[in-house]
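Trainee: need a structure here:
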Amino acid sequence: MLEAQGYQQPIAVDTSWLGVGHIDEFLSFVPARNDRGWVAVVADPDLGRKLLEDLVDKSRGGEPLVRGIAPQGTTKPGLTVAGALRDPSLTRGTEIARKGIESALRTLRRESGLTERHIIRVPALFEKLDLPAGYPRQDVVANYLPGAANGVSTGTGVYLAPRQHSPLNDGRDTFEQAAEKALSGTGTRISWVEDWDYSHHRGTVGRNRVGIAAWAWESGLASTEQAHRRG
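Mentor: Residues are numbered from 1 along each chain as shown. Alright, predicted model coming up:
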């Protein structure tokens, strides 16, 4: 369908390493004050682990990894910050996610000319999913903490992202603080939305209005569709 519109060739990005398989689990775009007018918001699992390592260095490794949620509301009750750094599924999840995200960024750089200054990296924590033997896809991951890159740009300078529920750092959520700092120079601010209890992924829907004469239909598909209707 996208190719048939004729306006531009779609860019194919491999997301087979994700359990859900949606590109917005690790990539979003928001307006920015730069030459392109936008930046890519990209999940960074290495940054997520680095933030946890910093907490361990501050003798806070014994704190719960997930803050503000009852243990029974998590998939790893009792998991601490230090424990997360040793956890096999989180360690392997980081490796898989790193490889998949960097592959996607190579594609975007090649096809769109994207450079590092147009990439905003926000912390993430991925876990390898425990799937039954014989399942057609193994070595796939999902966000363990809510994905800050999995948000919605309102077009009004506000980016809606899920609350992170990571440990506090100087009274602020560690992951939220890092994400806000990363976006601070873009002109877009983050508004954090609480969605832990009802949505792991894709709890938002964007709405756009596309008219029959909209620019996206410059290839003549609109007139073809009208002719089919008359016929």
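
Trainee: mean confidence score for the longest strand seen in the chain?
Mentor: Scanning the chain for the longest strand, with DSSP state E as the assignment, gives strand 38-44. For strand 38-44, mean pLDDT is 98.

Trainee: going on from that strand, what's the next piece of helix or strand?
Mentor: helix 45-57 (DSSP states H and E).

Trainee: what packs against the longest helix that the chain contains?
Mentor: Counting residues, the longest helix found in the chain (DSSP state H) is helix 88-112. Helix 88-112 sits against strand 38-44, helix 45-57, strand 126-128, strand 141-143, with contacts defined as 3 or more Cβ pairs under 8 Å, 6 or more residues apart in numbering; DSSP states H and E. Every residue, glycine included, has its C-beta placed from N, CA and C.

Trainee: For the longest one, which residues meet the burial criterion?
Mentor: So the one you mean is helix 45-57. Buried residues in helix 45-57, counted by 16 or more other Cβ atoms under 10 Å: 45, 47, 48, 49, 51, 52, 55, 56.

Trainee: Could you verify my assumption that the second one touches residue 124?
Mentor: Yes: using Cβ atoms under 8 Å, residue 47 makes contact with residue 124 at a distance of 7.4 Å.

Trainee: Run through the bridge partners of residue 120.
Mentor: Per DSSP bridges, the residues bridged to residue 120 are residue 41.

Trainee: Show me the shaky parts of the chain.
Mentor: 198-231 (pLDDT under 70).

Trainee: Tell me where it has helices.
Mentor: With DSSP H as the criterion, the chain has helices spanning 2-5, 45-57, 81-86, 88-112, 174-183, 221-230.

Trainee: Now do the fifth one: which elements does it pack against?
Mentor: It stands for helix 174-183. helix 45-57, strand 119-123, strand 189-193.

Trainee: quick one, which of these is nearest to residue 169?
Mentor: Comparing the helices and strands packed on helix 174-183 against residue 169 with Cβ to Cβ, the closest turns out to be helix 45-57 (7.2 Å).

Trainee: same for that closest one, what does it pack against?
Mentor: Looks like helix 45-57 contacts helix 81-86, helix 88-112, strand 119-123, strand 168-169, helix 174-183 (3+ Cβ pairs under 8 Å, 6+ apart).
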